[in-house]
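Need coordinates for the following:
(one chain, ligands or ions: 1)
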Amino acid sequence: MNFVSTRHTAPPVTLSQAIAAGLAPDGGLYVPAQHPQASAWQPQGSLALDAAAVLAPYFEGDALAPHLSKLCADAFDFPAPLRALSTPGNHVLELFHGPTAAFKDFGARFLAASLAELQRDREHPLTIVVATSGDTGAAVAAAFHGQPGIRVVVLYPDGRVSPRQAHQLGCFGDNIHTLRVAGSFDDCQAMVKQALGDRELQARVPLSSANSISLGRWLPQMSYYAHAALEHHARTGNVLNLVVPTGNLGNAMAALLARAMGLPLGQVALATNANDVLPRFFQGGAYQPATSVATLANAMDVGAPSNFERLRWLYADDDAALRADLHVEAVDDAAIRAVIARRWAQAGEVFCPHTATAVAVLEALRADGMQGDWAVAATAHPAKFESVVEPLIGRALDVPPSLSALLQRPAHAQPCAPEYAALRERLLA
Ligand SMILES: *Cc1c(COP(=O)(O)O)cnc(C)c1O
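This is a model prediction of the structure:
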């Protein structure tokens, strides 16, 4: 299958080209040229096998197609269980069993495995540059660690991520170079953008990125929704409805694309934190990007959701149809705290602040009489956000083994001035 840009002016490309490029040359985002449809989906018995089945139509005819099964087996070697909650019909889809305990491990690992395959016969190593405010950089670093032919340079704002996050970012070494930048996340992002636009540099050092609009991160996220929906449908005969905690809309768009392929998914509702650009649009307002505000669910602190162009594309730019189809609600910090404390006290259930926004939305839908089987996407393990969660539940949380293994490695991020010249020098080294 070919991929086209949401802005319509860039030429169609193959899947491999879209994965390697990141952004389309006209500034748009790559989307599939057709919607593959199937009605007779059957569960294949594992997450990796279901992933290969739903991704197959997008890989058809591409150089990566013969490797799809192995890519899925390598990238999705940890589970995404659907667990029942204490309220009948409510479930949680746990997406935090990967190496850095957040759902971003799925997309990052699939992208890393794909790029490593595409790099196999290249003479020059590829450098991935990525700016991070916390979660993304760790997932990307973990995924690319040890991948042959690829070097990763991660930039994060020194002193502005949690100690646990800083440790995670700096603990890899080998082909992962972590720079703690004496500046803000915006400084880091500006430095990366400048590098990606520096043709003279790229003639000497081939560069790519791994940000949230990358097709190689976005498409594979369909897999866990497909797997959960197929198994649930086979077991109960019911479709699965979803609440997805949302920042840049990557994870939510993956759920919507899976549903568009005919998988047994029902309604999709989105939860944001106090950054309410999407809820305002869905209430009928204009789409009005804003400066983000800091919240307890910091991985969703987004004022201009980067996948919004894909959302409009999926509804053929028909805003009325889009507004009618999705329920979108903002959940502020007070409500996040309240839901974490209440679910613990009432049911012994613990959620990270991001997942808590989705739980709050599901509670509101149920209070309005919503029927059916629902799952909230649990995007991170609560122990990753211990400084928020532990005081609310009054106990220490166990750190999952993969995360504690990372925290035991020595960290060695290098200081870097917040200037492009400093980054350029590192990239040329
Ligand atoms: C990135 C992230 C989100 C938001 O996902 P998007 O795909 O950007 O909408 C939600 N929760 C956690 C824990 C995250 O790391």
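
alpha carbons only for contacts and neighbour counts from here, please
Will do.

Residues of the stretch 251-400 of the chain that sit close to the ligand?
Contact residues (Cα under 6 Å from any ligand atom) of the stretch 251-400 of the chain with the ligand: 251, 299-300, 354, 379-380.

can you tell me which of these lies nearest to Met370?
Closest approach between those and Met370, by Cα to Cα: His354, at 22.0 Å.

contacting residues for that closest one?
By Cα atoms under 8 Å, 6 or more residues apart in numbering, His354 lies in contact with 245, 273, 296-300, 378-380.

7 Å instead?
245, 297, 379 (Cα atoms under 7 Å, 6 or more residues apart in numbering).

Need the three-state assignment for it.
What DSSP: H, G, I helix; E, B strand; the rest coil gives for His354 is helix.

Quick test: name the residue nearest the centre of this structure.
By Cα atoms, centre = their mean, the mean C-alpha position of the chain lies nearest to Lys104, the distance being 4.2 Å.

Please list all residues in contact with that one.
Here Lys104 is in contact with 136, 139 (Cα under 7 Å, 6+ apart).

how near is it to Ser292?
Distance of Lys104 to Ser292, given as Cα to Cα, to the nearest Å: 21 Å.

Now the helix or strand that contains Arg235: buried residues?
Of the helices and strands defined by DSSP states H and E, Arg235 is found in helix 222-236. For helix 222-236, the neighbour count (16 or more other Cα atoms under 10 Å) marks 222-233 as buried.

now stretch 268-276
For stretch 268-276, a neighbour-count test (16+ other Cα under 10 Å) marks 268-276 as buried.

would JSON lines of the residues you listed with distance to Thr127, pLDDT and secondary structure be doable?
As requested, these are exported to JSON lines (distance: Cα to Cα, whole Å; pLDDT from 0 to 100; DSSP: H, G, I helix; E, B strand; the rest coil):
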{"residue": "Val268", "distance to Thr127": "37", "pLDDT": "98", "secondary structure": "strand"}
{"residue": "Ala269", "distance to Thr127": "37", "pLDDT": "98", "secondary structure": "strand"}
{"residue": "Leu270", "distance to Thr127": "34", "pLDDT": "98", "secondary structure": "strand"}
{"residue": "Ala271", "distance to Thr127": "35", "pLDDT": "98", "secondary structure": "strand"}
{"residue": "Thr272", "distance to Thr127": "33", "pLDDT": "98", "secondary structure": "strand"}
{"residue": "Asn273", "distance to Thr127": "34", "pLDDT": "97", "secondary structure": "coil"}
{"residue": "Ala274", "distance to Thr127": "35", "pLDDT": "97", "secondary structure": "coil"}
{"residue": "Asn275", "distance to Thr127": "33", "pLDDT": "95", "secondary structure": "coil"}
{"residue": "Asp276", "distance to Thr127": "35", "pLDDT": "96", "secondary structure": "coil"}
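
Among the residues you listed, which one sits closest to Ala182?
Set against Ala182, the nearest of those by Cα to Cα is Asn275 (26.2 Å).

For that closest one, grab phi and psi.
Dihedral angles of Asn275 (phi, psi; degrees, to the nearest 10) stand at phi -80, psi 100.

Hmm, it is touching Ala294, no?
No. Applying Cα atoms under 7 Å as the test, Asn275 and Ala294 come out as separate, 8.5 Å apart.

Mind listing the shared neighbours of the two?
With Cα under 7 Å, 6+ apart, Asn275 and Ala294 have common neighbours Asp301.

Could you pull up the contacting residues of the closest residue to Leu326 other than its chain neighbours?
Once flanking residues are discounted, Leu326 sits nearest to Ala269: 5.7 Å by Cα to Cα, 6 or more residues apart in numbering. Listed by Cα under 7 Å, 6+ apart, the contact set of Ala269 reads 242-244, 326-328.

next one: Ile19
Contacts of Ile19 (Cα under 7 Å, 6+ apart): 214-216.

Look up how far Ala383 lies from it.
32 Å.

repeat for Ala271
Note on Ala271: its distance to Ala383, by Cα to Cα, is 21 Å.

Identify the residues contacting the nearest residue to Gln288 once chain neighbours are set aside.
The shortest distance from Gln288 to any non-neighbouring residue, by Cα to Cα, 6+ apart, is to Val277 (6.3 Å). By Cα under 7 Å, 6+ apart, the residues touching Val277 are 287-290, 303.

Quick one: buried ones out of those residues?
Looks like the contacts of Val277 have Gly303 buried, using 16+ other Cα under 10 Å.

List just the nearest of the contacts of Val277 to the ligand.
Among these, Gly303 lies closest to the ligand (Cα to the nearest ligand atom), at 11.1 Å.

Helix, strand or coil: sort out the closest one for me.
Going by three-state DSSP: Gly303 is coil.

Local confidence estimate at it?
Gly303 carries a pLDDT value of 88.

That one touches Gln288, doesn't it?
No. Using Cα under 7 Å, Gly303 makes no contact with Gln288, being 8.8 Å away.

Low-confidence stretches in the protein?
By pLDDT under 70, the chain contains no weakly predicted segment.

Distance to the ligand added to the buried residues of helix 222-236, as JSON lines?
Converted to JSON lines, the buried residues of helix 222-236 look like this (distance: Cα to the nearest ligand atom, whole Å):
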{"residue": "Met222", "distance to the ligand": "12"}
{"residue": "Ser223", "distance to the ligand": "14"}
{"residue": "Tyr224", "distance to the ligand": "14"}
{"residue": "Tyr225", "distance to the ligand": "14"}
{"residue": "Ala226", "distance to the ligand": "17"}
{"residue": "His227", "distance to the ligand": "18"}
{"residue": "Ala228", "distance to the ligand": "18"}
{"residue": "Ala229", "distance to the ligand": "19"}
{"residue": "Leu230", "distance to the ligand": "22"}
{"residue": "Glu231", "distance to the ligand": "23"}
{"residue": "His232", "distance to the ligand": "23"}
{"residue": "His233", "distance to the ligand": "25"}
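
ranges for the strands of the stretch 51-200 of the chain?
Taking DSSP state E, counting those that start in this stretch as the test, the strands found in the stretch 51-200 of the chain are 82-84, 90-94, 126-131, 150-157, 176-181.

which one of these lies closest to the ligand?
strand 90-94 (11.2 Å).

What strands flank that closest one, and is each parallel or antiparallel?
strand 82-84 (antiparallel), strand 373-378 (parallel) (DSSP bridges).
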